[in-house]
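> Generate coordinates for the sequence data below:
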Amino acid sequence: MAVTKIFPIKGRIGKCINYVMNPEKTVEADGWMYVDGINTVPETAEKNMMAVKQRYGKENGTMAYHVIQSFAPGEVTPETAHEIGMKFAEQMWGDSFEVVVATHLDTDCCHNHFVLNSVSFVDGKKYNSCKANNRRMRELSDNLCREYGLSVIENPGPSKHISRYEYMEEKA
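The predicted model follows:
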């Protein structure tokens, strides 16, 4: 069962890329690192993404999206999680956007992080993070989980997303 979440990045893209590529989270004991790119090289992704934004004059607002795909504890190996993550990113955004894909191994469940450039290198249009695209993400993730024999939440309830204001009120 994989769960997907998406968060807009308003600040520096490099900070998010550095977080998802952190070797303490992405490197196995044998030295294998689970970091790749779609339409970009992870080590130069920030520079590449900023160049696309500059080319199209879209250097403000949402700079990128941080997407997380989490699997059930013990259900998937790091290799399989990363393979699913690469297929997910390729199918979801591979025709138009640059994406850094990193699989984190630092918790009891493997999970993928994606840093998605908010501006398409093809036509300069910004990614539309809307309910339809979020539903498409969930459906694509579920289909890949089925393909790999992983569990899927068959009848997901409504989103439990709450606004920042509601979160801060609850926290207080």
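> tell me which element the residue nearest to residue 6 when sequence neighbours are not counted is part of?
In space, and not counting its chain neighbours, residue 6 is closest to residue 67: 4.9 Å by C-beta to C-beta, 6 or more residues apart in numbering. C-beta here means a position set from N, CA and C on the backbone, and glycine is covered the same way. In the assignment (DSSP states H and E), residue 67 maps to strand 64-71.
> What is that strand packed up against?
Identification of packing neighbours for strand 64-71 by 3 or more C-beta pairs under 8 Å, 6 or more residues apart in numbering; DSSP states H and E yields strand 2-9, helix 13-20, helix 78-93, strand 111-117, helix 131-147.
> which of these is buried the deepest?
strand 111-117 (a mean of 25; mean count of other C-beta atoms under 10 Å).
> Just give me how far it sits from the chain centre.
2 Å (C-alpha atoms, centre = their mean, to the nearest Å).
> picking that back up, want to throw the helices and strands packed on strand 64-71 into CSV with distance to residue 60 and mean pLDDT?
Below are the helices and strands packed on strand 64-71 laid out as CSV (distance: least, C-beta to C-beta, whole Å; pLDDT from 0 to 100):
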stretch, distance to residue 60, mean pLDDT
strand 2-9, 13, 92
helix 13-20, 13, 96
helix 78-93, 21, 97
strand 111-117, 14, 97
helix 131-147, 21, 94
